[in-house]
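J.: Compute the structure for the input listed below.
(one chain, ligands or ions: 2)
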Amino acid sequence: MKHPSLPGGTTHTLTLNLQMLKPGEHAGAHRHIAGAIRFITKGRGARLVVEGESFEIGAGDFATTPNWTWHDHVNESNETLMWLDVLDSPLVRLLQVDFHEPYKEPKQPITRAEGSSYCELSPIRPSWVRSDSIQPPPYVYRWEDTEKVLKAVGERPGDPYDGILLQYANPLNGGPTLPTFSCAIQMLRPSEKTSSHRHTDSTIYHVFRGKGATVIGDERFEWEEGDSFVVPLWRYHRHESAADQQAILFVMTDKPLMEALGFYRQEALPQ
Ligand SMILES: [Fe+2]
Ligand SMILES: [Fe+2]
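T.: Ligands and ions are numbered 1, 2, ... in the order given. Next up, the predicted model:
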């Protein structure tokens, strides 16, 4: 999804692609410097293989393929899957480090038992798993877990600017999803209206469930399930959900990059 005001990319640092995967379709194994994530919006039964481990993925699941990790996928089900495929490729191209390498075979070998990641990256983990690397391990965050947390904290006051916002943390150290961008699930309760603020990270939103509107500057953008929209950096914005239902947004932001460089700032709209 190319933003009309940019030479490429959905924001100046991130690209959002919508991908359809029909039954039997597969992608050859490869790796690249660009870090990537997938958020599955429809269907179940595809297999994503990252660094030798196979993950079965379906709607609401969120998967990372951090930079330079081998990955390939196949749809083994009878249904068509839809997912968001998001990469930091505009940033990687700007920095002129767009390395890419195909694997020597169409598929990489499975070298790790299914479920290894959940054991090795849980709070009870082997002593040799390092937590001090900036590079997170590949991981799949399950929708059932996300939904459980949404239910558990859904009645809390939440954030004045984002409502209930759940970060997909690096499972090893609680840091951002990837060094260059972070992902989150945002829930707005029925009739919720957030306060307005602005910040130096730019944000892409995808409406997973529900409907509502986001006011950016003086413009109001109505949205509903399946829509995607961008809040450019340093523009005041606020969100509203419809009166009769909650809204769930999948959120992608380059905030970790801005923070790492010391460029992050945010401010509330003066009353
Ligand atoms: Fe890729
Ligand atoms: Fe914001």
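
J.: Please, where are all the helices along this protein?
T.: Remark: helices assigned in the chain by DSSP state H are 89-94, 116-120, 143-153, 255-261.

J.: Format those helices as TSV; extra columns: mean neighbour count.
T.: Every C-beta, even on glycine, is put in place using the N, C-alpha and C of the backbone. As requested, those are exported to TSV (neighbours: other CB atoms under 10 Å):
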stretch	mean neighbour count
helix 89-94	19
helix 116-120	15
helix 143-153	13
helix 255-261	17
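
J.: and those, which one is worst for confidence?
T.: Ranked on mean pLDDT, the bottom entry among the helices of the chain is helix 116-120, at a mean of 94.

J.: Does anything pack onto it? Which helices or strands?
T.: Other elements packing on helix 116-120 under the criterion 3 or more CB pairs under 8 Å, 6 or more residues apart in numbering; DSSP states H and E are strand 53-58.

J.: Residues in contact with the strand it packs on: which ones?
T.: Contact with strand 53-58 is made by 38, 40, 43-49, 63, 81, 83, 110-114, 116-117, 138, 140, 143, as judged by CB atoms under 8 Å, 6 or more residues apart in numbering.

J.: Pull out the buried residues from those residues.
T.: Among these, those classed as buried by 16 or more other CB atoms under 10 Å are 38, 40, 43-49, 63, 81, 83, 117, 138, 140, 143.

J.: Mind picking the two most distant members of those?
T.: Using CB to CB, these reach their maximum pairwise distance at Gly43 and Ser117, which is 22.0 Å.

J.: before we move on, back to that, Throw the helices of the chain into JSON lines and include distance to Trp70, thanks.
T.: JSON lines is the format used below for these (distance: least, CB to CB, whole Å):
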{"stretch": "helix 89-94", "distance to Trp70": "17"}
{"stretch": "helix 116-120", "distance to Trp70": "15"}
{"stretch": "helix 143-153", "distance to Trp70": "25"}
{"stretch": "helix 255-261", "distance to Trp70": "23"}
